[in-house]
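>>> Mind folding the following:
(2 chains)
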Amino acid sequence: MRPDPFPDIVIRGKRMFATIAKLLVKRVLTAIPILLIVSALLFCILRILPVDPAAMSLPPNATVEEVEAMRTEMGLDRPLYEQYGIWLGKLLEGDVGRSIHFRQDVTSLIGSTLPATIELAVIAMVVATIFGLAGGLFLFYVRGTRAEAVMDFFSILLLSLPEFLWSLFLLLIFGVFFEVLPFTGRLSPGFERPVVTGFLLIDSLVTGNISTFFNALQHMILPCLALGIALSPSLMRVLRSSLLDAYQDDYIQQARLRGLSEKRILIRHGLKNAILPTLSLMGVQFGFLFGGTLLVEIIYSYPGMGNLMVDAIRNADLPIIQGAGLTYCIAVLVISIVVDSLYLILNPKLRVR
Amino acid sequence: MTFEIDRRNLLQMLGLAAVGGSVLSQATFAFAQGSDNVTIGWPSDVPSWDPNLRFVPDAQPIFKLVFDQPLDQAPDLKLVPNLITKWELQPDGLSMPFEIRSDVKFHNGDPMTMEDFKYTFVERIKSGLKLDIANSWRTLTDIEITSPTSGVMKFSAATPTAPQWLAFLGSYLVPKKYVESVGPEEFAKKPVGTGPYKLVDYQMNSRIVLERNNDYFGAKPKIKRVTIDIIKDPSARTAAIQSGQVDLTVNIPVREAERLGKTEGLTAEINPFTRLILLQMRNDMGFTDKAVRLAAHHAIDKAALSKAFYGGAAVPLSIPATPGTPGYIEDYKFSYDPELSKKLLADAGYTAEKPATFTLAATNGQFPSDFDIARALVQMWQKVGLKVELQQIEYSKYFELNRGGKLPEATLYSFDNATGDPEIFSGYLMNPKMPFGAWKGQEIGDKILKLFVEPVYEKRIAGYKDVAKEAVETGANIPILQSVQTLVRKKNLNYVKYGNAWVLGSTMSWS
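Residues are numbered from 1 along each chain as shown, chains lettered A, B, ... in the order given. Reported below is the predicted structural model:
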């Protein structure tokens, strides 16, 4: 084992975890006012929009008087601050409200769709990470050659296409032209759908349903590729530029003088230092990814929260929009806490006493 | 620097390829077509499995597979017996004796009784549950049970469209005993109906799997298992039918339907149905002058709109009713005459320097080609000297804007009426007490309100024809086109075509 070069400066071991725990507590405390501000903004913006949830909650043959009565019942005739106060009070009791369109508890609707979106976002992030890291390493590897210019061109091309265009493109190529991959829903007809946690891949493994597992995985390939490919170019480019920066440092020259192979220098020294900005970007992108699955879920008929959100927007279903908005906000906060913790673990500079 | 493939790299790549190949090959995804199965690509899901809860026109063909309505509609939209075998609205419209079948069972084996009728249409509504059918049956005070298979519906006011509503939105029979024992939430999770299919699997916004109800009282469906894939994106629906992942789909762009119709093994239809595309009109601001409203109507080349956006299949309309429905006037035509438009404007004192101006609101994506039609209308109006500003609105904002009197002079709108009854066309559109119409002229409004309680069928229909004509001739309403449903299916899949665009798995068969 190599001796620790900075035993008195950098916090390590158990104390490192204590530092992380401290950070977690601090971030959770900071998250409370953020959530309050977001909830207030969300509430006010939605109430200012010229939509009529009362009319949308009634059938087409409702009279003007019935719409007015519904408006009163929903509290929409009260001052905005009063409406917010009532909503916040219920929220603190765990009651996010009842959907206008589906007439179900928003919590249960979000609870039943959230796992599908998390599963999609996590695997898409894995795809983006694989493509981003591999592409970034390759871009760096071929620097100064013609291949770099070609790869550069392709990375810009990838960057300029949004995920919904990727969705349609991949669907046409692999779903329609080659007919090798499914593109509707989470499972093919005829497959048993185990329900344990809501995460289909986990549930199928837990229940020992291997054919369902592979079928579910097949169904995830195209949406995850569409999301992942759209995110990967920025990771590639950041990693490449971080590696270029890292290679300017003395320790790389010293490693070469020590006779280490280029591959070992790249993986053990260059990448270890260059990965940190990429990790930050991944955290930011994962937040965007989580909230950005809407169109991809619609195109692939994926029953996640994005799909639910689109329904809610179409039907002016304010309780769902508010609930989903808050869920996205919580997800982004959680992701940023996880990324900060990882950053703290990976970057000793942040653990200096 | 060189890129070498050494033994380790090669093994790693082979490993990855093996995993990828195994994922691709482990499970077949295409559902094999067989005489027992059909997969339908449908554009929207049910809002809930409680069929009384919400009125969503696109969900009706799905509900009709699991539940039954007291009356049914034939493909030509005529009312036909279903759970109810006989009915007769009394001359005063205040009561309707009816008889029911005695051989109907719910999916859980419980027999259907008169108690279920009373529960669905009276007790459930009065229990305080927020059900949309409460609005359609607001005049129904009681169902008097006179024998195990007969009863009388009692109304607080004449309800001439009671029979139509027994076959319309949300009027599905639910089992009293089951709903009361499990509660409404559980009922929505595990619905029990009397319909030709039972729900066996449901994943919201993704898939509905139905299995034939072998105890069904009516004609047994030929297809054993119907899978409905909820595919909201039209491009994805197009891809799904083209790749064979579904056997039938609807509402894809007209051009795509025409293209797929030429593909081997597929056939495409563009079917007009009971949905209107019309202009909701105001009677004030830039439309105070009747001449401007009529000039705007005469300037619209409806046939050109149909050809440009619906392959010529959408029928140009002169009256707010669709062909084949009771309120339609066969020989009535409102002419396309741009010269007359110009003359009307000139006579009313409008010139190129002082043109008549107004705003047109339109949704973008609420129904096929809506915003494109709006743009074309603006161009047609410009040609006769009308200066029009186009404004995009969200459908969900329509009611709020209408309620607050903030809609502009004209709004492009689409209105669905599966019954075809004129009350739900002209009546709803021109009723000042309802939130649909922007027209607030009391003269037409009073006539409509009288027709809402007119119990004599012939008189009622004649009245609606007159008022619809009056609305068109005074510029209170500008009907444009009968909407179309595009449908693409495998050539050997047969189905029954309904005038209201219902596509029912229970009528399908393979040949």
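>>> Residue A:34: neighbour count?
By other C-beta atoms under 10 Å in any protein chain shown, the residues close to residue A:34 number 14. C-beta coordinates here come from the backbone N, C-alpha and C atoms, glycine included.
>>> With the one 3 residues further on instead?
Counted by other C-beta under 10 Å, the residues lying close to residue A:37 total 11.
>>> got a list of what it touches?
Contacts of residue A:37 were listed using C-beta atoms under 8 Å, 6 or more residues apart in numbering or on different chains, and none were found.
>>> Quick check, pLDDT for it.
As summarised for this prediction, residue A:37 has a pLDDT of 92.
>>> Okay, and it sits in which element?
Assigned by DSSP states H and E, residue A:37 belongs to helix A:13-48.
>>> hmm, who's touching stretch A:99-113?
If you take C-beta under 8 Å, 6+ apart as the criterion, stretch A:99-113 is touched by A:53, A:56-57, A:94-98, A:198, A:303-305, A:307-308, A:311-312, A:315-320, A:322-324, A:327, B:47-48, B:50, B:53-54, B:130, B:185, B:188, B:204-205.
>>> doesn't residue A:282 fall inside a helix?
Yes - in this structure, residue A:282 lies within a helix as judged by DSSP: H, G, I helix; E, B strand; the rest coil.
>>> what separates it from residue B:86, distance-wise?
69 Å (C-beta to C-beta, to the nearest Å).
>>> right, is stretch B:441-452 up against chain A?
No - judged by C-beta under 8 Å from any C-beta of the partner chain, stretch B:441-452 and chain A are separated, with a smallest distance of 10.6 Å.
>>> can you give me the mean pLDDT across stretch A:326-337?
89.
>>> Check the residue nearest the centre of chain A and give its pLDDT.
Residue closest to the average C-alpha location in chain A (C-alpha atoms, centre = their mean): residue A:290, at 2.7 Å. What the model reports for residue A:290 is a pLDDT of 79.
>>> What helix or strand is it located in?
Residue A:290 belongs to helix A:271-291 when assigned by DSSP H and E.
>>> and that helix, what other elements does it pack with?
Other helices and strands packing on helix A:271-291, by 3 or more C-beta pairs under 8 Å, 6 or more residues apart in numbering or on different chains; DSSP states H and E, are helix A:106-141, helix A:210-246, helix A:318-346.
>>> could you give the angle of the first one to helix A:271-291?
The one in question is helix A:106-141. If you take axes from the mean of the first three to the mean of the last three C-alpha atoms, to 10 degrees, helix A:106-141 sits at 150 degrees to helix A:271-291.
>>> So, low pLDDT: which residues of the chain?
If you meant another chain, say so; for now it's chain A. Applying pLDDT under 70 to chain A flags the ranges A:1-13, A:60-61, A:351-353.
>>> that's the wrong chain, I meant chain B
For chain B, the ranges with pLDDT under 70 are B:1-35.
>>> Tell me the helix or strand right after the longest strand seen in it.
Using DSSP state E to define each element, chain B has its longest strand at strand B:266-281. Remark: after strand B:266-281, the chain's next helix or strand is helix B:290-298, criterion DSSP H and E.
>>> Which members of the contacts of stretch A:99-113 occur in helices, if any?
If you go by DSSP state H, the contacts of stretch A:99-113 have A:53, A:56, A:305, A:307-308, A:311-312, A:318-320, A:322-324, A:327, B:185, B:188 in helices.
>>> Filter the residues you listed down to the buried ones and hand me the ChimeraX line.
Restricted to buried positions by 16 or more other C-beta atoms under 10 Å in any protein chain shown, the ChimeraX selection for the ones in helices among the contacts of stretch A:99-113 reads:
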select /A:53,56,305,307,308,311,312,318,319,320,322,323,324,327 /B:188
